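# Here is a sequence together with a model predicted from it:
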Amino acid sequence: MNSSFSSRGTNPPYAFSPASNASPAPATASAAKPTQDRLIVGVDFGTTYSGVAAVYSATPEDIDIIKTWPGGNGITSDKVPTEIAYDIPAAQSNAGSSNTSLDRLGKQTQNIKWGFQFKPEETRLRCIKLFLDRNQKLPHFVSPLETAAQLRKYEKTVMEAVTDYLSMLYKHTMETLTRRYGETFMSMTKVQFVLTVPAVWSDSAKDATLKAAEKAGMGNRHDLKLISEPEAAAVYTLKAIQPNHLTIGDNFIVCDAGGGTVDLIAYKITQLNPLRVEESAVGTGGLCGSAFLNYRFEDHVKRRIGQERYTMMREKKAKTWNMGLKYFEEFVKRNFNEDEHNEVNVPFPGLPDDEEAGLDSGFLVMTAEQVKEIFDPVVQEVIDLVEGQVQSIRRKDGLVCGIVLVGGFGQSNYLYRRMKTHFNNAPPPPYTERPTHAVAMSPANHSTIEVMHPMYAWTAVVRGAVLRGLEGSMVMSRRSRWHYGTSYATVFDEAKHPISDRYWSPLWERWMVSDRMQWHIAKGAQVSESQPISFHYTRNFRPGQSLVVEDDLIACDADAAPDSYRKGLINVCTLTTDLNTVPKSLFTRLTTTKGVEFDNLDFTLDMKIESAGLMFELKVDGVRYGAVSAKFH
């Protein structure tokens with residue numbers, strides 16, 4: 001062991017590798033020097049659908065949403081399915097798969113099918129994004145075995161498939177923007193990409209997204225920005241309702257209900273002009289997106305018409321099934337409202353009449369009660385998640401003023417009405433022998449919460465992403481989702497440490513213990529981009545020993561973090577620090593009683609927690625040196 005105080009570490013979202021004395025980019029646009037006009041492109045890489053928006057910094061009000069897509073047959077859509085497949089054997093298309101540049105794209109475009117380019121019956125990779133984060137559960141309808149088999153057939157990894165999908169998205173975006181603005185404008189204008197990621201994702205999954213975007217051509221990883229999906233939605237929707245309905249101290253919960261996942265984050269208004277917020281509860285999320293409704297609908301149809309007829313329809317009459325599913329997707333899911341619909345007629349052309357099954361003239365007749373049965377369990381899960389956030393804020397005596405419902409599932413009228421009913425039914429005030437004004441006015445008795453449905457619910461995330469790129473971050477502080485810490489060695493203390501853990505250090509000439517944990521950030525603690533967290537290290541080096549050192553960043557998801565390293569802790573990443581850049585005069589020369597000389601250095605690694613990532617800097621005596629890179633596990 002070459003250090004007396006060494007660290008193991010946790011998983012950060014991404015690493016920061018500054019030039020020797022480079023400062024990180026300013027946290028807010030106002031802090032930056034005047035820059036030339038830029039074209040900012042937001043990419044919402046979603047589980048089931050992805051969207052792209054662009055804005056020119058000189059005309060910030062004019063946000064463009066890309067609506068035309070390859071294979072869309074001229075039909076416009078705010079988003080494109082997150083689906084990809086490869087047309088020819090991977091052996092022919094695999095050359096250079098690690099370098100997904102535009103040159104390679106030119107050769108490979110004909111090999112990749114994506115988005116709207118599939119016939120209903122064709123196999124393709126779906127929900128590929130979920131495989132970037134191994135810490136997240138997969139929904140029951142996503143088969144890891146089937147996905148692995150398809151990837152093997154194409155000779156692709158998850159990262160390569162994600163990179164290829166983002167490459168196609170990038171290529172189409174650049175072609176669309178070139179048509180919109182012209183080649184001369186595009187050749188002279190800096191294009192900056194902002195990507196969105198789930199709030200509950202692990203740091204390694206965020207890092208993987210960044211790497212895939214970089215390989216896809218979206219820019220150098222230090223130019224790319226990440227923002228969490230609900231934070232992006234908050235940026236857009238809070239600005240849209242400002243300043244009429246916002247008061248300093250108000251808490252708003254943003255519920256981003258998408259296809260596969262539901263992501264929540266809560267913000268407290270700290271300043272109105274310019275708008276500034278802080279996270280007021282740790283973000284949560286769950287697998288209860290609108291794709292679950294499709295699979296419940298599928299089960300319903302199967303039960304109604306029988307397994308045999310259902311299988312025959314799926315295999316022999318794919319167009320019939322596709323028409324019914326499309327109607328459920330585009331009409332029933334968005335517009336169903338139990339007060340207005342007595343029954344729903346889902347088209348299944350070509351299926352013979354069957355009174356018992358409810359098939360009449362090519363339609364499956366569904367009662368409002370049957371549609372409710374499909375919706376209710378999924379809707380209840382969403383309500384439970386939001387209720388958890390509400391209670392978390394109220395426990396700290398916070399006042400929850402609004403719930404902002406965005407995302408594809410967020411467009412659902414039924415979800416909106418159920419949320420309104422749940423959060424607008426305030427319980428009666430608690431009984432007290434002597435009611436007082438203070439009791440009557442307490443936050444607990446003002447529990448009606450306004451549920452807001454912004455106009456552009458489906459594209460709120462991608463609109464917020466371009467605003468983030470345009471204006472910088474409006475979030476002044478966030479809540480840490482995990483405990484973050486490092487392990488270290490220290491002097492053995494028989495009152496604290498088991499004797500079996502001790503070892504003799506010939507350099508320090510005393511008994512030591514290793515793998516003690518120092519937690520630098522507690523789960524749920526407030527962290528600010530402008531105030532980095534410092535990890536302190538003492539390292540010893542014998543003459544000629546390498547000055548490139550590695551330390552692990554460790555995370556803990558439990559509510560109480562342990563005092564020593566143990567199973568179940570998350571090794572976030574390994575930080576590699578090159579201490580050769582530190583002047584030799586800052587090292588201290590020490591000598592043991594046996595005459596062995598060694599150099600000792602005290603240094604710190606500063607970590608910043610941003611919207612969707614971690615950044616690292618090496619400092620000695622407050623001065624920045626060298627590069628710190630992170631390898632995620």
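Structure received. Numbering: from 1, shown residues only.

# The biggest strand by length in the chain: what's the following helix or strand?
Secondary structure assigned by DSSP state E gives strand 597-610 as the longest strand of the chain. Per DSSP states H and E, the first helix or strand lying C-terminal to strand 597-610 is strand 613-620.

# what is the mean pLDDT for that following strand?
Average pLDDT, strand 613-620: 85.

# Restricting the selection to alpha carbons, write that strand to CSV.
Taking C-alpha atoms only, strand 613-620 is exported to CSV below (Å, rounded to 0.1, in the frame of the first residue of the first chain):
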residue,chain,number,x,y,z
GLY,A,613,-23.3,14.8,-13.8
LEU,A,614,-20.2,15.2,-11.6
MET,A,615,-17.1,17.2,-12.5
PHE,A,616,-13.7,16.8,-10.8
GLU,A,617,-10.7,19.1,-10.3
LEU,A,618,-7.3,18.5,-8.6
LYS,A,619,-6.2,21.2,-6.2
VAL,A,620,-3.1,21.7,-4.0
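
# Distance from it to the middle of the chain?
Strand 613-620 sits 22 Å away from the centroid of its parent chain (C-alpha atoms, centre = their mean, to the nearest Å).

# Identify the neighbouring strands of the longest strand of the chain in the sheet and state each direction.
Strand 597-610 has its sheet partners listed here by DSSP bridges as strand 533-541 (antiparallel), strand 588-591 (antiparallel), strand 613-620 (antiparallel).

# Enumerate the positions of it that are buried.
Applying a neighbour-count criterion of 16 or more other C-beta atoms under 10 Å, one finds Phe598, Asp599, Leu601, Phe603, Thr604, Leu605, Asp606, Met607, Lys608, Ile609, Glu610 buried in strand 597-610. In this view, the C-beta of every residue, glycine as well, is placed from N, C-alpha and C.

# show me where pLDDT drops low in the stretch 301-450 of the chain?
For the stretch 301-450 of the chain, applying pLDDT under 70 flags the ranges 341, 426-447.

# can you check the stretch 501-633 of the chain too?
In the stretch 501-633 of the chain, residues with pLDDT under 70: 611-612, 627.

# Which residue ranges of it form strands?
Listed in chain order, the strands of the stretch 501-633 of the chain (DSSP state E, counting those that start in this stretch) span residues 502-505, 510-521, 526-527, 533-541, 548-556, 570-578, 588-591, 597-610, 613-620, 623-625, 628-632.

# same deal with the stretch 201-350 of the chain?
225-228, 251-257, 262-271, 276-286, 343-347.

# could those go into CSV alongside distance to Glu450 and mean neighbour count?
Listed next are the strands of the stretch 201-350 of the chain as CSV, based on distance: least, C-beta to C-beta, whole Å; neighbours: other C-beta atoms under 10 Å:
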stretch, distance to Glu450, mean neighbour count
strand 225-228, 23, 27
strand 251-257, 9, 29
strand 262-271, 14, 24
strand 276-286, 17, 21
strand 343-347, 29, 17
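
# re the thing from before, any chance of the strands of the stretch 501-633 of the chain in JSON lines with distance to Arg334 as columns?
Output for the strands of the stretch 501-633 of the chain, formatted as JSON lines (distance: least, C-beta to C-beta, whole Å):
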{"stretch": "strand 502-505", "distance to Arg334": "64"}
{"stretch": "strand 510-521", "distance to Arg334": "41"}
{"stretch": "strand 526-527", "distance to Arg334": "38"}
{"stretch": "strand 533-541", "distance to Arg334": "44"}
{"stretch": "strand 548-556", "distance to Arg334": "39"}
{"stretch": "strand 570-578", "distance to Arg334": "38"}
{"stretch": "strand 588-591", "distance to Arg334": "67"}
{"stretch": "strand 597-610", "distance to Arg334": "34"}
{"stretch": "strand 613-620", "distance to Arg334": "34"}
{"stretch": "strand 623-625", "distance to Arg334": "51"}
{"stretch": "strand 628-632", "distance to Arg334": "38"}
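
# before we move on, back to that, hey, which of the strands paired with strand 597-610 is tucked in deepest?
strand 613-620 (a mean of 23; mean count of other C-beta atoms under 10 Å).

# Could you find the closest non-adjacent residue to the residue nearest in space to the middle of the chain?
Centroid-nearest residue in the chain: Pro198, 1.9 Å away (criterion: C-alpha atoms, centre = their mean). Once flanking residues are discounted, Pro198 sits nearest to Asp263: 5.2 Å by C-beta to C-beta, 6 or more residues apart in numbering.

# Who are the contact partners of that neighbour?
Pro198, Ala199, Val200, Ser228, Glu229, Pro230, Cys255, Asp256, Gly283, Gly285 (C-beta atoms under 8 Å, 6 or more residues apart in numbering).

# State the distance from the nearest residue to Val628 once chain neighbours are set aside to Leu405.
Once flanking residues are discounted, Val628 sits nearest to Phe616: 4.0 Å by C-beta to C-beta, 6+ apart. To Leu405, Phe616 is 36 Å away according to C-beta to C-beta, to the nearest Å.

# Equivalent analysis for Asp552, please.
40 Å.

# quick revisit: go through the strands of the stretch 201-350 of the chain and name the closest to Met186.
Of all the strands of the stretch 201-350 of the chain, strand 225-228 sits nearest to Met186, with 20.0 Å by C-beta to C-beta.

# circling back: show me which of Asp552 and Leu405 is the more surrounded one.
Set Asp552 next to Leu405 and count neighbours by other C-beta atoms under 10 Å: Leu405 wins out with 28 against 22.

# do you know how far Lys304 is from Leu364?
Not Lys; residue 304 is Arg. 7 Å.

# Find the residues that touch each one of those two.
Ala357, Gly358.

# Which one of these two is surrounded by more residues?
Taking other C-beta under 10 Å, Arg304 and Leu364 do not tie; Leu364 has more neighbours (23 against 18).

# Spatially nearest residue to the more buried one (excluding sequence neighbours)?
Val346 (4.5 Å).

# Can you mark which positions in the longest helix seen in the chain are buried?
Longest helix in the chain by number of residues, with DSSP state H as the criterion: helix 368-394. Going by neighbour count (16+ other C-beta under 10 Å), the buried part of helix 368-394 is 368, 371-372, 374-375, 378-379, 381-383, 385-386, 389-390, 392-394.

# Distance-wise, check the residue nearest to Ala58 when sequence neighbours are not counted relative to Trp482.
Spatial nearest neighbour of Ala58, chain neighbours left out: Asp37 (4.6 Å); criterion: C-beta to C-beta, 6+ apart. Noted for Asp37: a distance of 39 Å to Trp482, by C-beta to C-beta.
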